[in-house]
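S.K.: sequence first, predicted coordinates after that:
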Amino acid sequence: MREQAEKVSGIVKDQTDTVADLTVKQAQKAEQTAKEQAEKVKREQAEEAEEAEKAKAREAKRIEREEAREAKRIEREEARKAQQQAREAYEGLTKAELSDQLTERGLPKTGNVEDLIERLVSADSE
């Protein structure tokens, strides 16, 4: 009876050891899976952050281009207004009066009234 009890006790001990080993292996496997999952999430978050940075950079460039276009548009508008103001000084003059002013500046006096005005405006801006 004692021998059988020792045998059964040995078998139970072996089974307990086997179950304990399996439990440890399962715990290690679960831990490894959790680590891999955490690394995967971390990589995905890093990729998302990188993509968000790229999107911000693209948006910043788009805004920069838009602002540059707007600045050029304003510059052209101001140049057009300045040109118009410069022309106003000569608008009421006759062709003979315009020719006299061109002669005084040593500029050619050929062309129509528009050409003469343009020549005088150009000379004024230099």
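M.R.: Done, it's in.
S.K.: just give me the neighbour total for the nearest residue to residue 95 once chain neighbours are set aside.
M.R.: Counting by Cβ to Cβ, 6 or more residues apart in numbering, residue 95 lies nearest to residue 113, which is 5.3 Å off, once chain neighbours are set aside. Just so you know, the C-beta spots here come from the backbone N, C-alpha and C atoms, and that holds for glycine as well. By other Cβ atoms under 10 Å, the residues close to residue 113 number 14.
S.K.: now residue 113: how far from residue 82?
M.R.: 20 Å (Cβ to Cβ, to the nearest Å).
S.K.: run the chain-centre distance for the helix or strand where residue 11 lies.
M.R.: Using DSSP states H and E, residue 11 sits within helix 2-91. Between the centre of helix 2-91 and the centre of its chain there are 18 Å (Cα atoms, centre = their mean, to the nearest Å).
S.K.: now for it, which elements pack on it?
M.R.: Helix 2-91 sits against helix 113-125, with contacts defined as 3 or more Cβ pairs under 8 Å, 6 or more residues apart in numbering; DSSP states H and E.
S.K.: the helix it packs on vs helix 2-91, what angle?
M.R.: 110 degrees (axes from the mean of the first three to the mean of the last three Cα atoms, to 10 degrees).
S.K.: next, the buried residues of helix 113-125.
M.R.: 116, 117, 118, 119, 120, 121 (16 or more other Cβ atoms under 10 Å).
S.K.: give me the helices and strands touching that helix, please.
M.R.: Counting by 3+ Cβ pairs under 8 Å, 6+ apart, helix 113-125 packs on helix 2-91, helix 95-105.
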